[in-house]
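Undergrad: show me how the following folds:
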Amino acid sequence: MKPKDFREIMSSALPKKDASKMEKHVFRIYDTNNDGYVDFVEFMVVFFILSDGSSEDVLSKIFRLFDVNSDGTITKEELTRLVKDMYGLLKKDDPNVNAIDFIAKSAFNEMDSVMDAKVTTAEFITACMGEEGFSKMLANK
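TA: Take a look at the predicted model:
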């Protein structure tokens, strides 16, 4: 499946939402080999994990949503971008920049346990499975 086909599926699945900003991020979850296409095996593996996988497996797939440049870590800038794009699914109006920055900064600070300005998959999973409010909120959206 090409990104264009994926866009059409997203539009069908969310007809009353503006999913255009999120489609490339969601596509990244499925395109596990980063070749620009989602084949049937990739789709089914992710579908299975998201529907019947352990919490850790599901969160590691969600991590790919936040890892915009696919380098294995999430930066504060990547998290802020995703929060803004996710906010667009929830509201049609322009999001409040201060609220976006606050949510992204708070979640990032919860996740970055070693304070090295990047969040690894392990840190992401730990924060989301813990009692951290902002991290849980983002992963459950």
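
Undergrad: drop to CA atoms for contacts and neighbour counts, all remaining ones
TA: Will do.

Undergrad: what about Leu65, helix or strand, and which?
TA: Assigned by DSSP states H and E, Leu65 belongs to helix 55-66.

Undergrad: next SSE after that helix?
TA: Helix 55-66 is succeeded, C-terminally, by strand 73-74 (DSSP H and E).

Undergrad: how close does the most centrally placed residue in the chain sit to Glu110?
TA: Geometric centre of the chain, nearest residue: Leu65, 2.9 Å, by Cα atoms, centre = their mean. As for Leu65, its distance to Glu110 is 18 Å (criterion: Cα to Cα, to the nearest Å).

Undergrad: what do you get for Glu8?
TA: Glu8 sits at a distance of 35 Å from Glu110 (criterion: Cα to Cα).

Undergrad: have a look at the two and say which one is more surrounded.
TA: Taking other Cα atoms under 10 Å, Glu8 and Glu110 do not tie; Glu110 has more neighbours (22 against 13).

Undergrad: model confidence at that one, what's the number?
TA: pLDDT, Glu110: 90.

Undergrad: what does Asp93 give?
TA: We have a pLDDT of 53 for Asp93.

Undergrad: which ones are touching the closest residue to Thr120 other than its chain neighbours?
TA: Leaving aside its sequence neighbours, Thr120 sits nearest to Thr73 (Cα to Cα, 6 or more residues apart in numbering; 4.8 Å). Shown in contact with Thr73 (Cα atoms under 8 Å, 6 or more residues apart in numbering): 67, 118-121.

Undergrad: with Met111 instead?
TA: With contacts defined as Cα under 8 Å, 6+ apart, Met111 is in contact with 119, 123-124, 126-127, 135.

Undergrad: select from those residues the one having the most neighbours.
TA: With neighbours taken as other Cα under 10 Å, the top of the contacts of Met111 is Phe124, carrying 28 neighbours.

Undergrad: three-state assignment of that residue?
TA: Assigned by DSSP: H, G, I helix; E, B strand; the rest coil, the conformation of Phe124 is helix.

Undergrad: could I get the phi/psi values of the closest residue to it other than its chain neighbours?
TA: Of all residues not flanking Phe124 in the chain, Met111 sits nearest, at 5.6 Å (Cα to Cα, 6+ apart). Note on Met111: backbone dihedrals following degrees, to the nearest 10 are phi -80, psi -40.
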